[in-house]
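Enquirer: The sequence and its predicted three-dimensional model are supplied below.
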Amino acid sequence: SLERMGERYAKGQGVPQDTNEAANWYRKAFNHYQTKADQGDSGAMYKLGEYYANGAAVTQDSAKAFGWYLKAAGEGQPKAMNSVGMFYCEGVVVTQDLQEAACWYRKAAEAGNSDAMFNLAVCYANGEGVPKDDAEAFKWYCKAADALDPAAMYEVGMCYLQGKGIERDGSKGGQWIRKAASFGNADAMLSIAECLEHARKDMTEAFPWYRKAFDAGNMKAAEPLYRCYKYGLGVEKDLEEAGRCLTAGVNSGDAESMFTYGVSERNENGEVSAPKIEWLIKAANAGHSEAMFYLGVYYRHGIGVKMNQAEAFKWSLMAAENGIVLSMEQVSCQYSRGEGVGKDNVKAAQWCLMAAERGSVESMWAVGVRYANGDGVPKNEKEAFKWQLKASENGNEAAMLNLAFYYQEGLGVTKNIEEALKWLRKAADKGVVGAMRGVGLSYAVGKGVPQNDFLAYAWLCLAAAKGASDVKGLPDDVTELRDAVRMRLSPEMVT
């Protein structure tokens with residue numbers, strides 16, 4: 001065909017590469033399609049739309065492209081219907097109208113166009129122009145996949161893996177993703193690599209899939225490939241190739257690559273490189289939550305950049321809003337202290353609570369303290385007890401000491417001396433001086449346990465020895481209590 005001859009000259013396939021000759025043949029093809037379109041050929045109308053859309057043989061003109069697509073679509077041409085839908089979806093030449101886009105996608109899909117089937121599935125998956133419906137999305141992904149659309153095969157696999165629109169089935173999900181990869185889908189190749197790395201911990205198998213994904217143009221594979229080559233994971237170590245892969249990822253705008261390039265690293269000699277702040281900012285602006293977290297840390301402590309608490313707060317807040325628990329703690333701390341932001345105990349308490357609810361043990365303890373003192377939240381002994389219990393069950397020593405006090409005094413819970421002593425002993429076993437003192441005092445006076453001067457003296461000696469080496473020092477009366485109990489023991493027992 002005329003168009004095929006243009007492609008051959010453009011690519012040098014079987015003929016010397018010649019852009020002028022290629023343009024010649026494209027113009028001939030365009031004139032041919034113009035004649036056929038004037039005769040009512042809808043396929044030719046569609047091709048004219050393609051020529052104007054891509055600027056081949058004619059000056060690129062989106063308005064003329066849309067006009068020809070619309071004419072062809074009016075004649076029932078499925079590819080043209082899909083193209084009209086794309087113009088409405090993207091708001092090119094026409095006002096963006098997602099409902100109109102979905103309507104054209106449906107017409108094209110029902111006429112058998114696989115690209116439109118995929119686009120309609122995306123509309124249902126995201127609720128764009130139609131009500132969000134995972135089952136409908138899955139149905140149209142399947143239709144496109146059956147028409148051998150590799151991207152649709154990948155999405156069918158992901159639906160099975162995530163249980164979206166269909167019952168979760170890991171086996172079927174894996175089969176569809178491997179099928180998509182065999183048809184050249186780079187996202188599927190990357191998914192296989194990630195599964196092999198993170199689920200099976202098999203870098204020997206993961207590496208070739210990362211390489212395939214990268215070579216197929218998926219720049220999300222650039223950073224994992226960098227790690228493979230840098231550390232010899234699944235492939236012989238090659239620092240030059242590692243650098244090339246990372247550079248390719250950075251230049252493509254891949255957020256993970258920019259983050260890795262920007263964050264400080266420790267080399268083989270133990271030296272830590274300075275962070276490249278500008279690249280971390282680019283990664284953060286591309287949505288990389290870890291980059292936001294590190295920027296918060298670097299600005300807070302002046303690492304690689306001038307210390308700036310306002311900037312630290314800005315980036316920490318962004319990271320916190322993206323689910324980084326450590327940043328939630330930092331935002332709470334800065335609100336509490338008024339560092340880089342106006343002091344606000346209510347907001348400090350809110351972020352502290354969010355961190356606690358997401359598993360931060362330190363924040364569980366802090367929330368309990370806030371409820372005990374009415375700091376940013378209404379004073380509530382039951383809530384204070386609840387959070388100190390959670391923190392204690394997760395190993396927080398300060399919370400164990402507080403919990404023992406709550407049980408002892410009946411604050412937020414029924415008074416229970418045995419439970420108080422149990423948690424006091426747990427904290428004491430972890431070396432908390434105040435808890436050691438409490439256990440010793442309990443034995444000294446027989447509170448919750450049989451009175452035992454020997455054990456009282458032993459625990460108070462431990463408290464005194466631990467407290468003397470502790471930065472925080474001793475509770476004021478530990479040595480006095482120890483010496484008082486000692487007076488009640490025989491010299492042999494003391495020895």
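Expert: Sure, I can see it. None of these values were measured; they are calculated from a predicted model.
Enquirer: I'd like the mean pLDDT over stretch 365-382, please.
Expert: Average pLDDT, stretch 365-382: 97.
Enquirer: same deal with stretch 185-205?
Expert: In the prediction, stretch 185-205 has an average pLDDT of 95.
Enquirer: Then stretch 53-64?
Expert: For stretch 53-64, mean pLDDT rounds to 92.
Enquirer: in that stretch, what's buried?
Expert: Within stretch 53-64, the residues scored as buried using 16 or more other CB atoms under 10 Å are 53, 56-58, 62, 64. Heads up, the C-betas are built off the backbone N, CA and C, glycines and all.
Enquirer: Just flag the most distant two among these.
Expert: Ala57 and Ser62 (15.9 Å; CB to CB).
Enquirer: could I get the lengthiest helix in the chain in PDB with only the CA atoms?
Expert: Counting residues, the longest helix found in the chain (DSSP state H) is helix 19-38. C-alpha atoms of helix 19-38 as PDB (Å, rounded to 0.1, in the frame of the first residue of the first chain):
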ATOM      1  CA  THR A  19      12.400  10.900   5.200                       C
ATOM      2  CA  ASN A  20      11.700  12.900   2.100                       C
ATOM      3  CA  GLU A  21      10.700   9.800   0.100                       C
ATOM      4  CA  ALA A  22       8.700   8.700   3.100                       C
ATOM      5  CA  ALA A  23       6.800  12.000   3.200                       C
ATOM      6  CA  ASN A  24       6.200  11.600  -0.600                       C
ATOM      7  CA  TRP A  25       4.500   8.300  -0.100                       C
ATOM      8  CA  TYR A  26       2.500   9.500   2.900                       C
ATOM      9  CA  ARG A  27       1.200  12.400   0.800                       C
ATOM     10  CA  LYS A  28       0.100  10.000  -1.900                       C
ATOM     11  CA  ALA A  29      -1.700   7.900   0.700                       C
ATOM     12  CA  PHE A  30      -3.300  10.900   2.200                       C
ATOM     13  CA  ASN A  31      -4.600  12.000  -1.300                       C
ATOM     14  CA  HIS A  32      -5.900   8.500  -1.900                       C
ATOM     15  CA  TYR A  33      -7.800   8.500   1.500                       C
ATOM     16  CA  GLN A  34      -9.100  12.000   0.600                       C
ATOM     17  CA  THR A  35     -10.600  10.700  -2.600                       C
ATOM     18  CA  LYS A  36     -12.100   7.600  -0.900                       C
ATOM     19  CA  ALA A  37     -13.500   9.700   2.000                       C
ATOM     20  CA  ASP A  38     -15.200  12.100  -0.500                       C
END
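Enquirer: In contact with the nearest residue to Cys89 once chain neighbours are set aside, which residues?
Expert: In this structure, Cys89 finds its nearest non-sequential neighbour in Ala101, 3.8 Å apart by CB to CB, 6 or more residues apart in numbering. Going by CB atoms under 8 Å, 6 or more residues apart in numbering, Ala101 touches 85-86, 88-89, 119, 123, 128-129.
Enquirer: what does Gly304 give?
Expert: Contacts of Gly304 (CB under 8 Å, 6+ apart): 264, 274-277, 298.
Enquirer: element containing it?
Expert: Counting by DSSP states H and E, no helix or strand carries Gly304.
Enquirer: Can you give me the neighbour number for the closest residue in space to Ala44 that isn't next to it in sequence?
Expert: Nearest residue to Ala44 in three dimensions, chain neighbours excluded: Lys36, at 3.5 Å (CB to CB, 6+ apart). Residues lying near Lys36 (other CB atoms under 10 Å) number 16.
Enquirer: next one: the one 3 residues further on
Expert: The burial metric for Gln39, expressed as a neighbour count using other CB under 10 Å, is 8.
Enquirer: List the backbone torsions phi and psi for it.
Expert: phi -90, psi 0 (degrees, to the nearest 10).
Enquirer: Same check on Lys201?
Expert: According to degrees, to the nearest 10, Lys201 has phi 50, psi 40.
Enquirer: That one and Ile177, how far apart?
Expert: 19 Å (CB to CB, to the nearest Å).
Enquirer: now swap in Trp140 and tell me
Expert: From Trp140 to Ile177 the distance is 18 Å (CB to CB).
Enquirer: helix/strand/coil for Val15?
Expert: Classification of Val15 by DSSP: H, G, I helix; E, B strand; the rest coil places it in coil.
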